[in-house]
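Q: the sequence and its predicted three-dimensional model are supplied below.
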Amino acid sequence: MKRSQYRLLGLVDQGQFGRVYCAVHRKTGRLVALKNLEQEWFSTHKFLRELRFLLTLQHENIVMCKALEHTPTGRYLVMDYCAGGTLRNLMADDVHLRMTQRMQLIVDILAGLAHAHSKGIVHCDIKPENILLDLRPDGWTARISDFGVARLSQEISAHFSGNTGSPAYMAPERFYGQYSIASDIYAVGILLFELLAGYRPFSGTPGDLMNAHLNNPVVFPATIPEECKPIIQTALQKLPARRYRSVQEMRAELLPFTEMDYWISLQGKLDPLLKPLHTVAPSELRSQYQVVITSPVSALVTYQEKSDVLRLHTPEQAGDRIGRIAGSSMDVLCHPEQVSQESSKSWISYQLPEPIQQAWLCPQGKVVMGHRGLYFWPIVRPSSVPQKIAALNQPFLATVERHGRWAAIATLPSALAESELWFLPIPQSSAQWSLHTAPIAIPKAGQSYLPSQLIALDSRHVVLISRVIPKTVPMTNGNVSKERHGILVEVFTRRGNRAGTMLLPVLTRPMIPTPKPYQLIAVDEQNPDCLVVIELKPYRLSRYGLGIEAAHLAATSWGFIAASRLGELVFINTYGEVLGRVNSPEPITAMATLDDYQLWISTWKGDRGHVYQINVKALELEMLF
């Protein structure tokens, strides 16, 4: 049997009837979801019938089926891939979602259902787990999934247990085996109530739920706006005939609530897209070491020696280090874990003949990027003049592998030449690696991109990040339309092969890698009080509300740290839950972590500033160490 056209990137979901994988088309690079349906559950006849059924649904608010894929390991439905997870994931996060976004999600669901109902198809299992999300600059787009699979699943479940859906979202008539478009409207009413109140109107065992759906009235909490209650009340009528006659009718009543102006006039302001539900009182900064600085620091860089043996037997200038960059100078503090206010350890200063753009600390020394090239200072017998390891006469980006084995350079495009990427070894590296040292052209057919960042992902891969430059396209009616903007993420191996391409539908500020493999984080440019977490394998996008406008980020194995320019620090875990807040005495200009619990920040106010070393364990955070 022929090899699959798709390469699996990872498992994203596993249910009773099969698995769902994130995959990439080997030739086009297009991301898809491969849904494996187990042969024991789905006969060929049912499988083909439902495949034909799914192919009739083509709508932006429905997860569409593109094809059927046969491989040696089974048969798969090739579906649209939604990187934003499920609505259940979003609802489970400990955040307050902007009201316009909550309403827009319901409007999206109703639009998808309207298309299905026009084809004579009733979903019969609307619930948050069956609503997938795509990120967009101002929030999320909802897309309904599991149309055909849900129907098949119900047939199987009915054969074994008599259940026909999810009791928490089932219309009264569903408990008697009846369904119609009004059944989907009822489920959407439950979903709307849950989005606004934070819980469902009825709860309990399946028997309790059946009794409540059949007999109990809906009790509205004060958190649901008065304007929304009649809509929910109509959708949740016990008798189908008393509900909305169509999803279009319900959608028309909800559309005004998706407008920002409506809520601004009602509330006097617009809420953030995401806001932490629980406010945490900030505590004052407590540092274990600080030093006064006379020039503002633009960046802090760190290197942690993972091997205790190497840490004990390296020269004085090796081992753990932290560097601060100000203009064309870089000051490095060796063995910062040994410093205290009483210690006499001093920072060693290095001067570059041009302003420093970026710097990296590695086992054998320091690599520094200027406007005209890359420079290297060795640890052993460092000289006052750095060694120039790459000279360039055009704007470029650079990155250095964490262990100092190689560097990568990407030139920026010009009117005369496209971008090029190449790799070069770092002097005095402990190992020789197979590198593609010849320039690799990076064409961008059909669209304009501006490379903005280059990141060493691990010892074998780099990520080139480019901003999509929207083009204006003339329309037939005389108007002008702008193409979609976003961030292009391209992964290359150190041998020069392209390993994957992803287009992020949101604009972000500069990204940083985290200790978790293939994970990056960035600040959402349109919503600077939100953190965007990018998983590359498998591809996932998440947003977390910070409660501050973040200017600096740091990552640890236990979570993330965000800092505003005003001096506010927020600590969140990997689930986006706020662990604590700390206020710095001065505005923060840079931040970095040396290990999971050693945080360094630089501040500046007026004509002086400080560099602080902070023990995270000594802060008042809601976490166990």
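A: The structure has been received and is ready for your questions.
Q: now do the SS call for residue 194.
A: Here residue 194 is helix, with the state taken from DSSP: H, G, I helix; E, B strand; the rest coil.
Q: that one reaches residue 91, doesn't it?
A: Yes - using CB atoms under 8 Å as the test, residue 194 is close enough to residue 91 to be in contact (7.0 Å). Every C-beta, even on glycine, is put in place using the N, C-alpha and C of the backbone.
Q: overlap of the contact sets of those two?
A: Common neighbours of residue 194 and residue 91, using CB atoms under 8 Å, 6 or more residues apart in numbering, are residue 128.
Q: not counting sequence-adjacent ones, nearest residue to residue 134?
A: Spatial nearest neighbour of residue 134, chain neighbours left out: residue 141 (4.5 Å); criterion: CB to CB, 6 or more residues apart in numbering.
Q: name the residues that touch the helix or strand harbouring the one you found?
A: Per DSSP states H and E, residue 141 falls inside strand 139-144. Strand 139-144 is touched from outside by 60-63, 80, 82, 84, 87, 90, 98, 100-101, 104-106, 108-109, 112-113, 116, 123, 126, 130-134, 273, with contacts defined as CB under 8 Å, 6+ apart.
Q: what's the answer for stretch 102-115, then?
A: Residues lying outside stretch 102-115 but in contact with it, judged by CB under 8 Å, 6+ apart, are 57-62, 87, 123, 126, 131, 139-144, 181, 184, 188, 191-192, 195-196, 246-248, 250-251, 254-255, 257-258.
Q: narrow the residues you listed to just the buried residues.
A: Buried positions within the contacts of stretch 102-115, assessed by neighbour count (16 or more other CB atoms under 10 Å), are 57, 59, 61-62, 87, 123, 126, 131, 139-144, 181, 184, 188, 191-192, 195-196, 246-247, 250-251, 254, 257-258.
Q: for the stretch 301-450 of the chain, what spans make up the strands?
A: Counting by DSSP state E, counting those that start in this stretch, the stretch 301-450 of the chain has strands at residues 321-326, 329-334, 348-351, 358-362, 365-369, 373-378, 387-391, 396-400, 406-411, 419-425, 440-442, 448-456.
Q: the first one: partners in the sheet, and parallel or antiparallel?
A: Right, strand 321-326. Paired strands of strand 321-326, with direction, are strand 299-303 (antiparallel), strand 329-334 (antiparallel) (DSSP bridges).
Q: what's the closest non-adjacent residue to residue 194?
A: Beyond its immediate neighbours in the sequence, the residue positioned closest to residue 194 (CB to CB, 6+ apart) is residue 200, lying 5.0 Å away.
Q: my read: the one you found touches residue 187, true?
A: No - under the criterion of CB under 8 Å, residue 200 is not in contact with residue 187, lying 11.0 Å apart.
Q: report the buried residues of the longest helix along the chain.
A: If each helix of the chain is counted by residues according to DSSP state H, the longest one is helix 99-118. By neighbour count, with 16+ other CB under 10 Å as the criterion, the buried positions of helix 99-118 are 99-117.
Q: before we move on, what about stretch 332-339?
A: Of the residues in stretch 332-339, those buried by neighbour count under the rule 16+ other CB under 10 Å are 332, 333, 334, 335, 336, 339.
Q: let me see the mean pLDDT of it.
A: Within the predicted structure, the mean pLDDT of stretch 332-339 is 83.
Q: can you get me the start-to-end distance on that stretch?
A: 13 Å (CA to CA, to the nearest Å).
Q: can you list contacts of that stretch?
A: Stretch 332-339 is contacted from outside by 289, 316-323, 345-348, 350, 361, 366, 594, 598, 600, 613, using CB under 8 Å, 6+ apart.
Q: CA atoms only: put the longest helix of the chain into PDB for me.
A: Below are the C-alpha coordinates for helix 99-118, written out as PDB (Å, rounded to 0.1, in the frame of the first residue of the first chain):
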ATOM      1  CA  MET A  99     -18.900  39.700  26.400                       C
ATOM      2  CA  THR A 100     -18.800  40.500  22.700                       C
ATOM      3  CA  GLN A 101     -16.600  37.400  22.200                       C
ATOM      4  CA  ARG A 102     -19.000  35.100  24.100                       C
ATOM      5  CA  MET A 103     -21.900  36.300  21.900                       C
ATOM      6  CA  GLN A 104     -19.800  36.000  18.800                       C
ATOM      7  CA  LEU A 105     -19.100  32.300  19.600                       C
ATOM      8  CA  ILE A 106     -22.800  31.600  19.800                       C
ATOM      9  CA  VAL A 107     -23.500  33.500  16.600                       C
ATOM     10  CA  ASP A 108     -20.800  31.400  14.900                       C
ATOM     11  CA  ILE A 109     -22.400  28.200  16.100                       C
ATOM     12  CA  LEU A 110     -25.800  29.300  14.900                       C
ATOM     13  CA  ALA A 111     -24.400  30.200  11.500                       C
ATOM     14  CA  GLY A 112     -22.900  26.700  11.100                       C
ATOM     15  CA  LEU A 113     -26.200  25.100  12.200                       C
ATOM     16  CA  ALA A 114     -28.200  27.200   9.800                       C
ATOM     17  CA  HIS A 115     -26.100  25.700   6.900                       C
ATOM     18  CA  ALA A 116     -26.500  22.200   8.200                       C
ATOM     19  CA  HIS A 117     -30.300  22.600   8.800                       C
ATOM     20  CA  SER A 118     -30.600  23.900   5.200                       C
END
